[in-house]
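Asker: A predicted structure for the sequence below; I have some questions about it.
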Amino acid sequence: MNLELDRYGLWEGINEVIVTTISSDGKPNAAPIGIIRHEGKLMVRVYNGSQTYTNIMETGLLAANMVYDPVLFVRSALSDVDDDVFEFIRTDNVEDFPVIADCNAWMLFEAEYNRENTVLVAELHPVTGTIRHKEIRPVNRAFNAVIEAVVLATRYKVFKNEKYILQIKSYSNTIYKCGGSTDKNAYDLIFRLL
């Protein structure tokens, strides 16, 4: 299926989205992932040991959810999200696949993957998608800083290196100067969940 990637906000480079997957026994999962677009191809790198990795290996599917909720990025990175975050879609090929209920858009992909030692590298092939809300969003430095901080938080969880905590703290001025209450709450949540 040929979907216009630009219309879904998947530009050249790394696009931070919340990926949803489902286990073989029907449990949904959400996690922030960078979808890489390079020369018209899409791919992801997912680390072994994560539920996302296991679910992709079991089903070969994932959905990219385009959202602007910094709290949801933090929750999905550092804890399990509540089931009410999801809604389930049906397509010609798939029944009951989870997407984020409040996303602006979602795209369902088949993942053609190569399994490496610690990383699953998958090329993504669009199956279907829906654009729900096409809103104008200027660049928000605080939102971007929260995304950077949560990426560092996931690294801290894996490597337990204090340098990541210091780097997370370096974003506080930007978040508190440029952000709204949601951005500030998301940033504070990082420390509560670590």
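Answerer: Ah, there it is.
Asker: C-alpha only now, for contacts and for neighbours.
Answerer: Noted.
Asker: the nearest residue to residue 131 once chain neighbours are set aside - how many residues pack around it?
Answerer: In space, not counting the residues next to it along the chain, residue 131 is nearest to residue 105; the distance is 4.2 Å by C-alpha to C-alpha, 6 or more residues apart in numbering. The tally of other residues near residue 105 (other C-alpha atoms under 10 Å) stands at 21.
Asker: one more: residue 46?
Answerer: Neighbouring residues of residue 46 were enumerated by other C-alpha under 10 Å; the total is 20.
Asker: isn't it up against residue 115?
Answerer: No - contact status for residue 46 versus residue 115: not in contact, 9.8 Å apart, counting by C-alpha atoms under 8 Å.
Asker: mind listing the shared neighbours of these two?
Answerer: Contact criterion C-alpha atoms under 8 Å, 6 or more residues apart in numbering; residues bridging residue 46 and residue 115 by contacting each: residue 121.
Asker: and the helix or strand residue 113 falls within, C-alpha only, in PDB?
Answerer: Mapping residue 113 onto the secondary structure by DSSP states H and E places it in strand 105-115. What follows is the C-alpha trace of strand 105-115 in PDB, where atoms were taken according to Å, rounded to 0.1, in the frame of the first residue of the first chain:
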ATOM      1  CA  ALA A 105      -2.900   9.900  13.100                       C
ATOM      2  CA  TRP A 106      -1.800   6.300  13.000                       C
ATOM      3  CA  MET A 107      -0.200   4.000  10.500                       C
ATOM      4  CA  LEU A 108      -0.100   0.200  10.700                       C
ATOM      5  CA  PHE A 109       3.000  -1.500   9.400                       C
ATOM      6  CA  GLU A 110       4.200  -4.900   8.600                       C
ATOM      7  CA  ALA A 111       7.700  -5.300   9.900                       C
ATOM      8  CA  GLU A 112      10.200  -7.200   7.800                       C
ATOM      9  CA  TYR A 113      13.000  -7.800  10.200                       C
ATOM     10  CA  ASN A 114      16.500  -9.000  10.700                       C
ATOM     11  CA  ARG A 115      17.300 -10.200  14.100                       C
END
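Asker: in the lowest-mean-pLDDT helix or strand in the chain, what's buried?
Answerer: The helix or strand of the chain with the poorest confidence is strand 105-115; it has a mean of 93 (mean pLDDT, DSSP states H and E). Residues of strand 105-115 classed as buried by neighbour count (16 or more other C-alpha atoms under 10 Å): 105, 106, 107, 108, 109, 110, 111, 112, 113.
Asker: identify the residue spatially nearest to the last one, adjacent ones excluded.
Answerer: The shortest distance from residue 113 to any residue that is not its chain neighbour, by C-alpha to C-alpha, 6+ apart, is 3.9 Å, and that residue is residue 122.
Asker: do I have it right that the one you found meets residue 62?
Answerer: No - between residue 122 and residue 62 there is no contact, the gap being 10.5 Å when judged by C-alpha under 8 Å.
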